[in-house]
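S.K.: this one's sequence-less:
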């Protein structure tokens with residue numbers, strides 16, 4: 001249990017530094033697989049004609065699905081598929097990690113056939129006291145999803161809790 005955590009100037013210096021962009025692909029197969037995996041049954045996620053009849057260009061991405069990162073051996077992170085060393089990290093020395101949740105804000109439709117460029121940045125750091133964990137470092141990350149037309153179509157904010 002951490003008794004004291006200090007947010008250093010070195011840690012603050014990485015806030016707002018944007019990562020290297022990475023490509024995410026949206027395919028009909030990936031949309032169908034995600035929709036099926038989470039139990040959606042609306043035909044717009046499975047049938048292109050139903051999606052077009054509902055006003056979409058193709059199969060729309062189900063909520064929280066923003067495409068699949070392109071994996072390139074030797075260049076991609078083996079766990080998350082994004083680029084290795086894409087941006088600055090934070091050295092905090094805390095051994096434990098909890099997922100603090102994710103929220104997604106949409107600005108446009110994301111459909112099968114889209115190619116997204118994704119960048120991320122640490123947008124905030126804070127310290128809080130947990131009942132069972134002691135001091136915790138809360139890191140907020142923001143990812144921006146831009147489509148092939150240069151339009152920002154989504155932003156995703158997530159928190160990682162280190163203790």
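M.R.: Arrived safely, thanks for sending. Treat the numbers as computed from the prediction; the structure is a model and nothing was measured.
S.K.: Following the longest helix seen in the chain in sequence, what is the next regular element?
M.R.: Determined from DSSP state H, the single longest helix within the chain is helix 28-38. Scanning forward in sequence from helix 28-38 by DSSP states H and E, the next helix or strand is helix 48-53.
S.K.: Quick one: list the elements packing against that next one.
M.R.: Helices and strands in packing contact with helix 48-53 are not found; criterion 3 or more C-beta pairs under 8 Å, 6 or more residues apart in numbering; DSSP states H and E. Backbone N, C-alpha and C define where each C-beta goes, glycine included.
S.K.: Please name the bridge partners of the closest residue to residue 16 other than its chain neighbours.
M.R.: Excluding its sequence neighbours, the residue lying closest to residue 16 (C-beta to C-beta, 6 or more residues apart in numbering) is residue 121, at 5.7 Å. Beta-bridge pairing of residue 121 under DSSP bridges involves residue 142.
S.K.: follow-up on the earlier one: got the buried residues for the longest helix of the chain?
M.R.: By neighbour count on 16 or more other C-beta atoms under 10 Å, the buried set for helix 28-38 is 28, 30, 31, 32, 34, 35.
S.K.: Could you do stretch 114-124 as well?
M.R.: Across stretch 114-124, burial judged by 16+ other C-beta under 10 Å covers 114, 116, 118, 119, 120, 121, 122.
S.K.: Nearest to residue 138 among those residues?
M.R.: Using C-beta to C-beta, residue 122 is the member of the buried residues of stretch 114-124 that sits closest to residue 138, with 11.0 Å.
S.K.: My guess is that closest one contacts residue 140. True?
M.R.: Yes. If you go by C-beta atoms under 8 Å, residue 122 and residue 140 touch, sitting 7.1 Å apart.
S.K.: ok, for residue 120, nearest residue in space, not its chain neighbours?
M.R.: Per C-beta to C-beta, 6+ apart, closest to residue 120 is residue 143, 4.2 Å.
S.K.: Verify the stated contact: that neighbour with residue 117.
M.R.: No. In this structure, residue 143 is not within contact of residue 117 by C-beta under 8 Å, at 10.8 Å.
S.K.: Overlap of the contact sets of the two?
M.R.: Here residue 143 and residue 117 have no joint contacts, going by C-beta atoms under 8 Å, 6 or more residues apart in numbering.
S.K.: List the buried residues in stretch 42-55.
M.R.: Quick answer for stretch 42-55 (16+ other C-beta under 10 Å): 44, 45, 46, 48, 51.
S.K.: In a markdown table: those residues, plus pLDDT and distance to residue 84.
M.R.: Shown next, in a markdown table, are the buried residues of stretch 42-55 (pLDDT from 0 to 100; distance: C-beta to C-beta, whole Å):
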| residue | pLDDT | distance to residue 84 |
| --- | --- | --- |
| 44 | 98 | 36 |
| 45 | 98 | 32 |
| 46 | 98 | 35 |
| 48 | 98 | 35 |
| 51 | 98 | 35 |
